[in-house]
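Enquirer: model this:
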Amino acid sequence: MMNADLTTIATIGWWSSFSSGLFTSISAITICPLLYTTFNSNASFTYFSWLIVASSYFVSTICNKYVVIQTQKNITDAFYADLAVAFAAMYASYECAVYYLQLTYVVRRATKMSIATSLIRDEPGTPIFAIDLFGYFWLSVSTIFLALSMEGRSNATKNKFLVSLLYFHGIAGSTCIVVPALPMIYEKDGEGGEEDDAMWQYVLLFWCAQFAPICFLMSKNFGSFVERHKSA
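Expert: Presented below is the predicted three-dimensional model:
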């Protein structure tokens, strides 16, 4: 019964991780500056994709927690997995609120933008942008603890590349917390707007290039776990 329960959890983990990777990849296409001159070209679909990414990643960390608890029998690894879930919950809470607000309020009023509405647009220099990056800071912290929870596994060698990506994402992404305070993000006025849009599109593409492989490798790990327990 325990194997069956764990297999179910790992299967959910596979689907949630794969969904995160898939929608991260889709969002990369919708924001690619080589295809679209501005981020707002596909804003609705991009925000919807990131809404799915945030929710799915949170679910995958919960699944990872139970796999760690039942397979590693190590209280330290279980503690790291708990922290990964806790910080993923903070990330998902912030990001789902931001993206839901953009989808249901801001994007719908793009043609009649008021001062109040412009303040809650998710773009550099706004309060919502600061909250958005604060959420990504917690995602970065979550991936660091996710890596720590995986290091003790029996197949740690197979997870080495995934763990390295998680650490890199965590360390690089932690800088998100200071970005909203930088003067450069307030300089998007009048001329140069398209160049600024392109810069942020490339930054987002760089994030997608990190995070999509992480999600797909996590889904592969969950899939391998399912296969092992089905054959056991």
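
Enquirer: would you map the helices across the chain?
Expert: In the chain, the helices defined using DSSP state H lie at 2-31, 43-72, 75-101, 115-119, 127-150, 160-173, 193-231.

Enquirer: how about those in JSON lines, adding mean pLDDT, distance to A181 and mean neighbour count?
Expert: For every residue, glycine as well, the C-beta is placed using N, CA and C. Formatted as JSON lines, the helices of the chain follow (pLDDT from 0 to 100; distance: least, Cβ to Cβ, whole Å; neighbours: other Cβ atoms under 10 Å):
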{"stretch": "helix 2-31", "mean pLDDT": "88", "distance to A181": "24", "mean neighbour count": "19"}
{"stretch": "helix 43-72", "mean pLDDT": "90", "distance to A181": "23", "mean neighbour count": "21"}
{"stretch": "helix 75-101", "mean pLDDT": "94", "distance to A181": "17", "mean neighbour count": "19"}
{"stretch": "helix 115-119", "mean pLDDT": "64", "distance to A181": "17", "mean neighbour count": "11"}
{"stretch": "helix 127-150", "mean pLDDT": "93", "distance to A181": "8", "mean neighbour count": "22"}
{"stretch": "helix 160-173", "mean pLDDT": "93", "distance to A181": "16", "mean neighbour count": "17"}
{"stretch": "helix 193-231", "mean pLDDT": "82", "distance to A181": "16", "mean neighbour count": "17"}
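
Enquirer: any chance of the ones you listed in JSON lines, with distance to P180 too?
Expert: Output for these, formatted as JSON lines (distance: least, Cβ to Cβ, whole Å):
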{"stretch": "helix 2-31", "distance to P180": "19"}
{"stretch": "helix 43-72", "distance to P180": "18"}
{"stretch": "helix 75-101", "distance to P180": "13"}
{"stretch": "helix 115-119", "distance to P180": "14"}
{"stretch": "helix 127-150", "distance to P180": "4"}
{"stretch": "helix 160-173", "distance to P180": "14"}
{"stretch": "helix 193-231", "distance to P180": "13"}
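
Enquirer: look up the pLDDT of E151 for me, please.
Expert: Note for E151: predicted pLDDT of 80.

Enquirer: isn't it up against V163?
Expert: Yes: applying Cβ atoms under 8 Å, one finds E151 in contact with V163, separated by 6.0 Å.

Enquirer: how close does Q102 get to E95?
Expert: 11 Å (Cβ to Cβ, to the nearest Å).

Enquirer: repeat that for S219.
Expert: For S219, the distance to E95 - Cβ to Cβ - is 20 Å.

Enquirer: now do S49
Expert: For S49, the distance to E95 - Cβ to Cβ - is 11 Å.
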